[in-house]
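A.B. asks: fold the following and give me the result.
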Amino acid sequence: MGSFASRLMRKRRSSKTRSSPLPRERRPLSIPQIPSNAGLFNRLPFEIRHMIYVYALGGDLVHLTQTVAMKEMGYHACQWSQPHSHHYHALGEPCPRNRLCLLETCRQIYIEASPVLYSTNTFAILGTQNMPVFWDFSRSIRKDRLELITSMHISCPADDVENVGLQYWRPTWEIIATQMPGLKDMKVRLVKVHFPPLELALEEDWVKPMLEVRGLRRFEFELAQEIWSGESTAEYNERLEWFQNELQAVMCASR
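C.D. replies: Coordinates of the predicted model:
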């Protein structure tokens, strides 16, 4: 298949990965194909087959990236055991072949299993520079596949979000709010390394696009401050806790 799902290669749990290009075109499922027999696997109850699909295809943190050399949209999967250092993984190493070849077995398995890629993995945007890659990704896959995504993770410098990064930040949240009704779990992590401290208010320009998102089951906002001493930490932490609760209340409210 020529879709994103059929090209996505999930690596084994190692610390080194390689970005792989995504397809430029998609072949619709309506194209006639020669029937294929899935053998004994096809005789299993669907519930058992689905459990196998989830085990083989799900549970990864999938980073959408753009390769420097090829200038192509791609991905690499990450270790859950390294949630804050995954963006330092080395690229360019060969990616081992794995169980995602299951999707190429036959048409029936592709139809049954490909939705699992979107509904059981977390799609991550690392840095404002990769937000346009997310836009391309949202346009390159089928609408119903985008709607299946249930989990996202955004991590980037807070200084980018407050300043020049707003031109990337706003369209990203517009896609999330208007085209991803299946989204249930979301985490946003910002890192502040320069003065002044990040302004925490619902009226801030960088906050308003986030407030368009509704119906989440769980929302987590994390702020890493690396710019000051502990003199004002208590007061600021109290403000941060209030801000986290307000964001969660709005974004987890009914649509």
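
A.B. asks: quick one, what contacts the residue lying closest to Glu199 once chain neighbours are set aside?
C.D. replies: Distance criterion C-beta to C-beta, 6 or more residues apart in numbering; nearest residue to Glu199, sequence neighbours excluded, is Glu162 at 7.7 Å. Bear in mind the C-beta positions are built from the backbone N, C-alpha and C, glycine included. By C-beta atoms under 8 Å, 6 or more residues apart in numbering, the contact set of Glu162 is Leu198, Glu199, Trp206.

A.B. asks: try it again with 10 Å
C.D. replies: For Glu162, the contacting residues are Trp169, Leu190, Lys192, His194, Pro196, Leu198, Glu199, Glu204, Asp205, Trp206, by C-beta atoms under 10 Å, 6 or more residues apart in numbering.

A.B. asks: which residues belonging to stretch 172-188 are considered buried?
C.D. replies: Within stretch 172-188, the residues scored as buried using 16 or more other C-beta atoms under 10 Å are Thr172, Trp173, Ile175, Ile176, Ala177, Met180, Leu183, Lys184, Met186, Lys187, Val188.

A.B. asks: model confidence for the residue nearest to Glu199, exactly?
C.D. replies: Looking at Glu162, its pLDDT is 81.

A.B. asks: likewise for Ala234?
C.D. replies: Ala234 is given a pLDDT of 84.

A.B. asks: burial of it, as a residue count?
C.D. replies: The burial count assigned to Ala234 is 9, neighbours taken as other C-beta atoms under 10 Å.

A.B. asks: what sits up against whichever strand or helix holds it?
C.D. replies: Per DSSP states H and E, Ala234 falls inside helix 233-251. Residues from elsewhere that reach helix 233-251 (C-beta under 10 Å, 6+ apart): 177, 183, 186, 188, 197-202, 204, 207, 210-216, 218-223, 225, 228, 230, 232.

A.B. asks: restricted to helices, list the buried residues of stretch 172-188.
C.D. replies: Those of the buried residues of stretch 172-188 mapping onto helices are Thr172, Trp173, Ile175, Ile176, Ala177, per DSSP state H.

A.B. asks: residue contacts, the third one?
C.D. replies: The reference is to Ile175. With C-beta under 10 Å, 6+ apart, Ile175 has these contacts: Met131, Phe134, Trp135, Phe137, Ser138, Arg139, Leu146.

A.B. asks: could I get the residues you listed in TSV, plus columns for distance to Glu112 and secondary structure?
C.D. replies: Below are the contacts of Ile175 laid out as TSV (distance: C-beta to C-beta, whole Å; DSSP: H, G, I helix; E, B strand; the rest coil):
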residue	distance to Glu112	secondary structure
Met131	32	helix
Phe134	27	helix
Trp135	29	helix
Phe137	23	helix
Ser138	24	helix
Arg139	25	helix
Leu146	19	helix
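
A.B. asks: show me which of the residues you listed is closest to Ile109.
C.D. replies: Leu146 (21.7 Å; C-beta to C-beta).

A.B. asks: that closest one - how many residues pack around it?
C.D. replies: For Leu146, using other C-beta under 10 Å, the count is 20.

A.B. asks: would you agree it is in contact with Trp135?
C.D. replies: No - assessed by C-beta atoms under 10 Å, Leu146 is found out of contact with Trp135, at 11.5 Å.

A.B. asks: give me phi/psi at Cys156?
C.D. replies: The phi and psi values for Cys156, taken as degrees, to the nearest 10, are phi -160, psi 170.

A.B. asks: how much space between Glu204 and Met131?
C.D. replies: Distance, Glu204 to Met131, using C-beta to C-beta, to the nearest Å: 18 Å.

A.B. asks: with neighbour numbers in mind, choose between those two.
C.D. replies: Each of Glu204 and Met131 has its neighbours counted (other C-beta under 10 Å); Met131 has more, 23 against 14.
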